[in-house]
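Colleague: sharing a model that was predicted from the sequence below.
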Amino acid sequence: MSSITWIIIAGAVLTFLTRIGGHLVLSRFERIHPRVEVALNAVPAAVLTTLVAPAAAEADWRGLIALAFAGLVALRFNALTMFLAGGAMIILLRQFS
Amino acid sequence: MDEQIYQRQSVPADPGRARTQFWEGFAKGLPIMIASAPFGLLFGALAVDNGFTVFQAVLMSAAIFGGASQMVGIELFGHNVPAWLIVFSIFAVNFRHVLYSAAVGRRIGHFKPLQSALSYFLLTDPQYAETEKRAESGKPVTFIWYLGVATPIYVMWVTEAWIGGLFGNLISDPHALGIDMLLPIYFLGLVMGFRKRDNWAAIVIASAVVSIIAYKTIGSPWHVSIGALAGILMAVIVAKPEKAKGQN
């Protein structure tokens, strides 16, 4: 097999370990401390934000406007509407300005 | 009682509702499928550009099933980086899943062992977000519901690698199409979905500031884990002890 295939297989095994690993560690404890509970409840906002913030910091003004617009749309509409609105905004800005 | 039970016992399954639950999940999976389509296609096209066969592109989407890490993998492959470093980079980009995994165990701990293994394999960012929201809404998080979410996403993700690989360079100018901003826009939507949770703003600000600093100093992909830990630390610091007990 080529090296690409081996890279893919090794990457897949390690990725699966990240996806099951946190659970395997925590499931050794039957009860969890309230502080840990607070930490786990913070996971969605804490992790997902890191996938947005550096991109926003690096973005051109068109990207920032599209992000801000999408953020406003998200206050009233569902995630798909928000995504399509933000996507339309960035394409329009990149094409016409 | 001071402590929370990590894995809750399952609600007895009602087979008559299984089909409904699958389609309820499927309805949540569809928008994710649409939003991920540009990246699935782009991945297939770039992979073939970087020397992958179409089969290898499809294999990578099917076996790793993590967009950002796949992009990093093919990008490094184009730069003659040693194999172990590429594998390590894929691992580093995906390291955030350890946190999802720990947190989601509270929601899907009642799945049977094989169901559980498959569910963790399918645990992507949006899958995790939907599972948290489902649990928050008080509806049962069943395996069949979880599969309903994952099925359209997974099937199309793999198919897109194949289509992208076959038709390759139809995407001539990704920048003009705003491809670089689509992922941040999508993830911003996921972040906004959790805005009713306690101390959301404080967590987001801590996580944003620290991830930007880490991105500019230490570099990618470590900004994700470092920023995330800062957000979690903020949550633990600002949480009021008496409130912490009452949370889900």
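Modeller: Great, that's in hand.
Colleague: direction included, what does the helix or strand of chain A with the lowest mean pLDDT pair up with?
Modeller: Lowest on mean pLDDT, DSSP states H and E among the helices and strands of chain A sits strand A:31-32, with a mean of 83. Strand A:31-32 pairs in its sheet with strand B:4-5 (antiparallel), by DSSP bridges.
Colleague: what packs against the helix or strand hosting A:Gly22?
Modeller: Here A:Gly22 sits within helix A:3-26, counting by DSSP states H and E. Counting contacts by 3 or more Cβ pairs under 8 Å, 6 or more residues apart in numbering or on different chains; DSSP states H and E, helix A:3-26 packs against helix B:54-63, helix B:67-77, helix B:83-94, helix B:97-108, helix B:113-121. C-betas here are computed from N, CA, C, even on glycine.
Colleague: comparing those helices, which comes out most buried?
Modeller: Of all the helices and strands packed on helix A:3-26, helix B:97-108 carries the top mean neighbour count, a mean of 24, counting by mean count of other Cβ atoms under 10 Å in any protein chain shown.
Colleague: tell me the contacts of the residue of chain B at minimum distance from chain A?
Modeller: The nearest approach of chain B to chain A comes at B:Gly231, 2.8 Å away (Cβ to the nearest Cβ). Contact analysis of B:Gly231 by Cβ atoms under 8 Å, 6 or more residues apart in numbering or on different chains lists A:42, A:45-47, A:49-50, B:203-204, B:206-207, B:210.
Colleague: just the buried members of those residues?
Modeller: For those, a burial check counting by 16 or more other Cβ atoms under 10 Å in any protein chain shown picks out A:42, A:45-47, A:49-50, B:203-204, B:206-207, B:210.
Colleague: okay, those residues in a markdown table with secondary structure, pLDDT and distance to B:Ala117 next?
Modeller: Output for these, formatted as a markdown table (DSSP: H, G, I helix; E, B strand; the rest coil; pLDDT from 0 to 100; distance: Cβ to Cβ, whole Å):
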| residue | secondary structure | pLDDT | distance to B:Ala117 |
| --- | --- | --- | --- |
| A:Ala42 | helix | 94 | 27 |
| A:Ala45 | helix | 94 | 28 |
| A:Ala46 | helix | 95 | 26 |
| A:Val47 | helix | 93 | 22 |
| A:Thr49 | helix | 95 | 29 |
| A:Thr50 | helix | 94 | 27 |
| B:Ile203 | helix | 97 | 30 |
| B:Val204 | helix | 97 | 32 |
| B:Ala206 | helix | 98 | 34 |
| B:Ser207 | helix | 97 | 30 |
| B:Val210 | helix | 97 | 33 |
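Colleague: the most centrally placed residue in chain A and B:Ile203: what is the separation?
Modeller: With distances taken as Cα atoms, centre = their mean, A:Leu48 lies nearest the centre of chain A, 4.0 Å away. Plainly put, A:Leu48 is 10 Å away from B:Ile203 if you go by Cβ to Cβ, to the nearest Å.
Colleague: now do B:Arg106
Modeller: According to Cβ to Cβ, B:Arg106 and B:Ile203 sit 18 Å apart.
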